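# structure of the sequence below:
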Amino acid sequence: MKIMIVVGARPNFMKAAPLMRAIQNYGGQRAAGSLADPSDSVRAVLVHTGQHYDEAMSGSFFVDLTLPKPDLYLGVGSGSHAVQTGEIMRLFEQVVLSERPDVVLVVGDVNSTLACALVASKVTYDGDGGRPTIAHVEAGLRSFDRYMPEEVNRVLTDHLSDLLFVTEESGVQNLLSEGIPEDRIHFAGNTMIDSLLASKEKAEHSSILDRLGVHKNGNGTNGNSRGKYALLTLHRPSNVDHRENFSNILHALDELAAVGPVFFSAHPRTRKRIAEFGLDSHFDFDEMGGKNGIRILEPLGYLDFLCLMKHAAVVVTDSGGIQEETTCLGIPCVTVRENTERPVTVTKGTNVIAGTNPQKIREAIRMQLQGRKNASAPEKWDGHAAERIVETLVTRVREEKLENAHK
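Presented below is the predicted three-dimensional model:
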């Protein structure tokens, strides 16, 4: 069985790495327990679309996560949503027809996710007229905001997929309410948390805190010490492509930045918006020195970022994945959006939804710094989601093959 895993952007890499390992381990276990029957073999083919393509946004993550070099690299690069999605589809169709995978496994909600699911849903193999099974990992998440490009990608990918692997109970209910048959839905857990749990001790060897001139101070939950600094990430178009929203968020952080450094690991596209909108005065572009204020950092590798997040006093973000990671680490999180597609991070985790009103953001930050929420690990966020996904995926696809063979 050939399982083709597609990655395109940084969040995909954290979700795919445990799946690659689980497939390798599954294949090894099968080989050890069989007579080397070729029908027992399961192997992964890793395809990188190149949606994130530079070393900082892509290459270093492969090293930190011990992801193997991609088997195929499409080199799509940047562009509008339409241009990027169309180019991925054009190139990926050739890959699927050449490789003829049994499964196309897509993760997350980026343009690569939707583009490759759409290709797999329409392709036809010569000879048998079949197509690959489409599996979506991180299915069912809904912000109910169709102005978010990711929401469009999520909804369409779910309705194209044959097997849907869900990270939290809300995802199951969302899919059922949209008419997805129950036997296609599997509550497996969160592979991004698999990566975090496998890497959090290794991240302690990062030198990022020393390089930035900050130290671990105080005692946090889960045995983590917390520093007197904050961490900021912003990338969603609704925040960084609209000057008023971007400016409101930055003004809301003035109070926080006056008492300690706020480290902003900024996407290259976000840095362009800062210059275009004339917002440079809010930032200190010198990474070093231990100064207060919002200090711009170049994009960080996975282990450096994990170390910085693990010891932060508070994280301010518009990222869905960081809402999940801070929940797992027990770090206070303030989400500068009006909604979240990951409600379990609010009900069980450390996350507070603040919107983009400056006063509400300030109040949320004060609340998070003054008293920690009582957090617990969401169900099945235990480091074994990838194993459950691969076991279910292989079993279901083999059953379908047997059924088709007897028709």
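# which parts of this structure are strands?
2-7, 43-48, 72-73, 103-107, 133-139, 163-166, 185-187, 230-233, 261-265, 283-284, 293-297, 314-317, 333-335, 351-353 (DSSP state E).
# quick one, domains of this protein?
2-190+382-405, 205-370 (automatic domain parsing).
# show me where pLDDT drops low in the stretch 51-200 of the chain?
52-59 (pLDDT under 70).
# can you give me the end-to-end distance of stretch 198-215?
End-to-end distance for stretch 198-215: 23 Å, by Cα to Cα, to the nearest Å.
# pull the distance from that stretch to the chain's centre.
Centroid separation between stretch 198-215 and its chain, computed with Cα atoms, centre = their mean, to the nearest Å, is 21 Å.
# got it, and stretch 104-124?
The answer for stretch 104-124 is 16 Å, by Cα atoms, centre = their mean.
# same deal with stretch 269-285?
25 Å.
# test my guess that residue 304 contacts residue 205.
No - assessed by Cβ atoms under 8 Å, residue 304 is found out of contact with residue 205, at 10.5 Å. To be clear about C-beta, it is placed using only N, CA and C from the backbone, and glycine gets the same treatment.
# neighbour count winner among those two?
residue 304 (21 against 8; other Cβ atoms under 10 Å).
# excluding its backbone neighbours, what's nearest that one?
Closest residue in space to residue 304, ignoring its immediate chain neighbours: residue 208 at 4.2 Å, by Cβ to Cβ, 6 or more residues apart in numbering.
# for the one you found, give its distance to residue 125.
Separation of residue 208 from residue 125 (Cβ to Cβ, to the nearest Å) stands at 47 Å.
# one more: residue 231?
Where residue 125 is concerned, residue 231 sits at a distance of 47 Å (Cβ to Cβ).
# and the two? Which one has more around it.
residue 231 (26 against 13).
# give the contact list for the more buried one.
Going by Cβ atoms under 8 Å, 6 or more residues apart in numbering, residue 231 touches 262, 263, 265, 308, 309, 312, 314, 315, 316, 317.
# next one: residue 8 relative to residue 153, how far apart?
11 Å.
# residue 126 now?
In terms of Cβ to Cβ, residue 126 sits 30 Å off from residue 153.
# go on, residue 401?
Distance, residue 401 to residue 153, using Cβ to Cβ: 29 Å.
# which one's more surrounded, these two?
Remark: of residue 401 and residue 153, residue 153 carries more neighbours, 22 against 15, as counted by other Cβ under 10 Å.
# hmm, the more buried one is touching residue 112, no?
No - with contacts counted by Cβ under 8 Å, residue 153 stays clear of residue 112, the gap being 9.1 Å.
# now do the shared contacts for these two.
Counting by Cβ under 8 Å, 6+ apart, nothing touches both residue 153 and residue 112.
# would you mark the buried spots in stretch 345-357?
Going by neighbour count (16 or more other Cβ atoms under 10 Å), the buried part of stretch 345-357 is 345, 346, 348, 349, 350, 351, 352, 353, 354, 355, 356.
# and it, how far from the chain's centre?
18 Å.
# can I get that stretch as CSV, trimmed to CA atoms?
Taking C-alpha atoms only, stretch 345-357 is exported to CSV below (Å, rounded to 0.1, in the frame of the first residue of the first chain):
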residue,chain,number,x,y,z
THR,A,345,-8.7,25.2,23.8
VAL,A,346,-11.1,27.6,25.5
THR,A,347,-13.3,25.0,27.3
LYS,A,348,-10.5,22.8,28.6
GLY,A,349,-7.3,24.8,27.8
THR,A,350,-5.6,28.0,28.5
ASN,A,351,-7.0,30.1,25.6
VAL,A,352,-9.1,33.3,25.8
ILE,A,353,-10.8,34.8,22.7
ALA,A,354,-10.3,38.6,22.8
GLY,A,355,-11.2,39.8,19.4
THR,A,356,-9.4,42.9,18.0
ASN,A,357,-10.8,45.6,20.2
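# tell me the mean pLDDT over that stretch?
The pLDDT scores in stretch 345-357 average 96.
# which stretches of the stretch 301-407 of the chain form helices?
Assigned by DSSP state H, counting those that start in this stretch, the helices in the stretch 301-407 of the chain fall at 302-310, 320-329, 344-347, 358-370, 385-405.
# which one of the ones you listed lies nearest to residue 46?
The closest of the helices of the stretch 301-407 of the chain to residue 46 is helix 385-405. By Cβ to Cβ, the value is 14.0 Å.
# show me what that closest one is packed against.
Contacting helix 385-405 under the criterion 3 or more Cβ pairs under 8 Å, 6 or more residues apart in numbering; DSSP states H and E are the following elements: helix 10-32, strand 103-107, strand 133-139, strand 163-166, strand 185-187, helix 191-199.
# got the angle between it and helix 10-32?
Comparing the axes of helix 385-405 and helix 10-32 via axes from the mean of the first three to the mean of the last three Cα atoms, to 10 degrees yields an angle of 60 degrees.
# list the buried residues of helix 385-405.
For helix 385-405, burial by neighbour count (16+ other Cβ under 10 Å) applies to 385, 386, 387, 388, 389, 390, 393, 394, 396, 397.
# which residues are contacting it?
Applying Cβ under 8 Å, 6+ apart, the external contacts of helix 385-405 come out as 1, 3, 18-19, 21-23, 25-26, 42, 102-103, 105, 130, 133, 135, 137, 163, 165, 167, 186, 188-191, 193-194, 380.
# kindly report the same for stretch 79-97.
4, 6, 8, 47, 49, 51, 72, 74, 76-78, 104, 111-112, 114-116, 118-120, 123, 125, 132, 149.
# type out the PyMOL command that picks the buried ones from these.
Applied in PyMOL, the following selects the buried portion of these according to 16+ other Cβ under 10 Å:
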select buried, resi 4+6+8+47+49+51+72+74+76+104+111+112+114+115+116+118+119+120+123+132+149
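# follow-up on the earlier one: now the strands of the chain in JSON lines, with distance to residue 327?
Below are these laid out as JSON lines (distance: least, Cβ to Cβ, whole Å):
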{"stretch": "strand 2-7", "distance to residue 327": "23"}
{"stretch": "strand 43-48", "distance to residue 327": "28"}
{"stretch": "strand 72-73", "distance to residue 327": "33"}
{"stretch": "strand 103-107", "distance to residue 327": "19"}
{"stretch": "strand 133-139", "distance to residue 327": "15"}
{"stretch": "strand 163-166", "distance to residue 327": "16"}
{"stretch": "strand 185-187", "distance to residue 327": "17"}
{"stretch": "strand 230-233", "distance to residue 327": "15"}
{"stretch": "strand 261-265", "distance to residue 327": "19"}
{"stretch": "strand 283-284", "distance to residue 327": "28"}
{"stretch": "strand 293-297", "distance to residue 327": "23"}
{"stretch": "strand 314-317", "distance to residue 327": "11"}
{"stretch": "strand 333-335", "distance to residue 327": "7"}
{"stretch": "strand 351-353", "distance to residue 327": "6"}
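# okay then, goodbye and thanks.
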